[in-house]
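Colleague: Need a 3D model of the sequence below.
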Amino acid sequence: MEKNFLTINDMSLKKTSELYMTFTLSEKVYAIPAEKIIEIVQLPALNILEKVPEYIVGVMNLRGKIISVIDLRKFLGIPEAAYTAEHQVLIINTHEKTIGIIVDSVNDVIQYDKELLEPIPYHSNEKFISGIYKNTDYLVAFLDLDIVINNIEAIQIDDLDFKPPAYISADLFPKDKLSQEKFKKRAVNLQKELKIETDKDFYKENRFVSFSLNNEKYCISLKYVREFRKYKLVSLTPVPCVPEFVKGIINLRGEFITVIDIKSFLQIPESKITDKTKIIVIKSSDLQLGLVVDDVFDIVNMSAEKLSHNTTSKFDNNKCTSVEVILEDGGIMSVFDLEKFLEDEKLYIEDAV
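Modeller: Numbers count the residues shown, from 1 in each chain. Next up, the predicted model:
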């Protein structure tokens, strides 16, 4: 008997395709290569420095590393806007430089074919936008991170003299005491976390996409993630004579991908499909499939120290979570082990040879 995986297609990717993170800035959508993102954090209080370029909002201490935090609005000619507790910071690493970019919100991780990008329809002396992708309902502007980084001036600051911020710029941050305390607490937590290594290969192996299943938080290694899709916006075709956890197949740019209800597979109680429900399209070796999750949150970076301090997982019976990680707020996030998941015999059917 020969075992075949439930998926039905050859999973080869175009060499011109890359994984991008899309985000919103002043109601416009932008994209940058996902591999350049170390992690995503909630906007903390920043140390405000004097005599720095106007696009540098301040600096933050991320586990002992001092990082300049910039507002892209200054580069892109977008009017200044006040910050809220919902703003996020993308921690970017490229050409051995690390910066933080403030964004209104993070949207999706998605695969784009670089050959489909169109040039910007106007002349610009500052070519921070490398191309435009015309989506069905909106445009996606692709940032050229190399040009952005090259236009940022280096800031010299003595790490030993760096202290948690005691003051927040009243012009951009909320003025009420409750909000300011929230920003300051974030800054202190980011500074106190265990210092991690800065090698780019380490980041690639230790970056995770966090998601939820029935109010439980999980994460999966970013190296397996191809893109996200909103569940309600895809057309699922049912497949006969397959287990109940197989929702069907979707056609993703000519590739047929099996979609699995991960909650049904792991025997986690079902919940309603909502506007936040997403399909995480993952790829491992020559296999590719979609996992239905309740929501996708962000990219997190976890040190080897955090991953090695395991707790006893209450999910051992499903054998798909390798470790649990204690979060800053005291919550628990389970690391989803894709390799273990793909070894499960329920994912395979037997055919006579």
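
Colleague: Okay, helices next: where are they in the protein?
Modeller: Using DSSP state H, the helices of the chain run over residues 73-76, 145-150, 177-192, 200-205, 262-265, 304-308, 338-342.

Colleague: Just give the number of residues close to Y112.
Modeller: Neighbour count for Y112, taken as other C-beta atoms under 10 Å: 21. Any C-beta I mention is one placed from the backbone N, CA and C, and that applies to glycine too.

Colleague: what's the pLDDT at it?
Modeller: Note on Y112: pLDDT of 78.

Colleague: what's it in contact with, if anything?
Modeller: With contact taken as C-beta atoms under 8 Å, 6 or more residues apart in numbering, Y112 is in contact with S17, E18, Y20, A31, Y133, V140, F142.

Colleague: do that again at 6 Å, thanks
Modeller: Going by C-beta atoms under 6 Å, 6 or more residues apart in numbering, Y112 touches Y20.

Colleague: what does V225 give?
Modeller: V209, I282.

Colleague: cutoff 7 Å now
Modeller: V109, V209, I280, I282 (C-beta atoms under 7 Å, 6 or more residues apart in numbering).

Colleague: Tell me the one among the residues you listed nearest to I66.
Modeller: Nearest to I66 among the contacts of V225: V209, at 26.8 Å, using C-beta to C-beta.

Colleague: in this protein, which segments are predicted with low confidence?
Modeller: 1-17, 121-126, 153-170, 193-205, 303-319, 322, 326-330, 349-353 (pLDDT under 70).

Colleague: Domain-wise, how is it divided?
Modeller: 17-193, 207-351 (automatic domain parsing).

Colleague: And the longest one, how far out from the chain middle?
Modeller: Between the mean C-alpha location of domain 17-193 and the chain-wide mean there is a distance of 14 Å, by C-alpha atoms, centre = their mean, to the nearest Å.

Colleague: Pull the number of nearby residues for K127.
Modeller: 11.

Colleague: K346 now?
Modeller: 11.

Colleague: most tightly surrounded among the helices of the chain?
Modeller: Per residue and on average, the most neighbours among those fall to helix 262-265, with a mean of 19 (mean count of other C-beta atoms under 10 Å).

Colleague: Can you give the distance from that one to the centre of its chain?
Modeller: 22 Å.

Colleague: which strands and helices sit next to it?
Modeller: Contact analysis of helix 262-265 by 3 or more C-beta pairs under 7 Å, 6 or more residues apart in numbering; DSSP states H and E lists strand 287-293 as its packing neighbours.

Colleague: any chance you could map the strands in the stretch 201-350 of the chain?
Modeller: Along the stretch 201-350 of the chain, the segments classed as strands by DSSP state E, counting those that start in this stretch run 207-213, 216-221, 225-230, 246-252, 255-261, 278-284, 287-293, 295-301, 321-326, 332-336, 348-351.

Colleague: can you put those in a markdown table and add distance to D171?
Modeller: Shown next, in a markdown table, are these (distance: least, C-beta to C-beta, whole Å):
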| stretch | distance to D171 |
| --- | --- |
| strand 207-213 | 32 |
| strand 216-221 | 35 |
| strand 225-230 | 35 |
| strand 246-252 | 45 |
| strand 255-261 | 47 |
| strand 278-284 | 36 |
| strand 287-293 | 39 |
| strand 295-301 | 27 |
| strand 321-326 | 36 |
| strand 332-336 | 35 |
| strand 348-351 | 59 |
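
Colleague: what's the closest of those to I102?
Modeller: strand 295-301 (14.3 Å).

Colleague: Provide the strand pairings for that closest one, with the direction of each partner.
Modeller: Its sheet considered, strand 295-301 pairs with strand 207-213 (antiparallel) by DSSP bridges.

Colleague: what does the strand it pairs with contact?
Modeller: Applying C-beta under 7 Å, 6+ apart, the set of residues contacting strand 207-213 from outside is 38-39, 109, 217-222, 225, 262-263, 268, 280, 293-302, 333.

Colleague: by how many degrees do it and strand 225-230 diverge?
Modeller: Interaxial angle, strand 207-213 versus strand 225-230 (axes from the mean of the first three to the mean of the last three C-alpha atoms, to 10 degrees): 30 degrees.

Colleague: about what we covered before: now restrict the contacts of V225 to buried residues only.
Modeller: V109, V209, I280, I282 (16 or more other C-beta atoms under 10 Å).

Colleague: need the contact list for the residue lying closest to F75 once chain neighbours are set aside.
Modeller: Closest residue to F75 apart from its sequence neighbours, by C-beta to C-beta, 6 or more residues apart in numbering: F128 at 5.4 Å. Contact analysis of F128 by C-beta under 7 Å, 6+ apart lists F75, L76, L143, D144, I147, V148.

Colleague: Just give me the closest of these to Y231.
Modeller: Closest to Y231, out of all of these and judged by C-beta to C-beta, is L143, at 28.0 Å.

Colleague: hang on, the closest one packs against P33?
Modeller: No: applying C-beta atoms under 7 Å, one finds L143 not in contact with P33, separated by 9.2 Å.

Colleague: neighbour count winner among these two?
Modeller: L143 (24 against 16).

Colleague: give the contact list for the more buried one.
Modeller: L143 touches Y30, A31, I32, F128, I129, counting by C-beta under 7 Å, 6+ apart.
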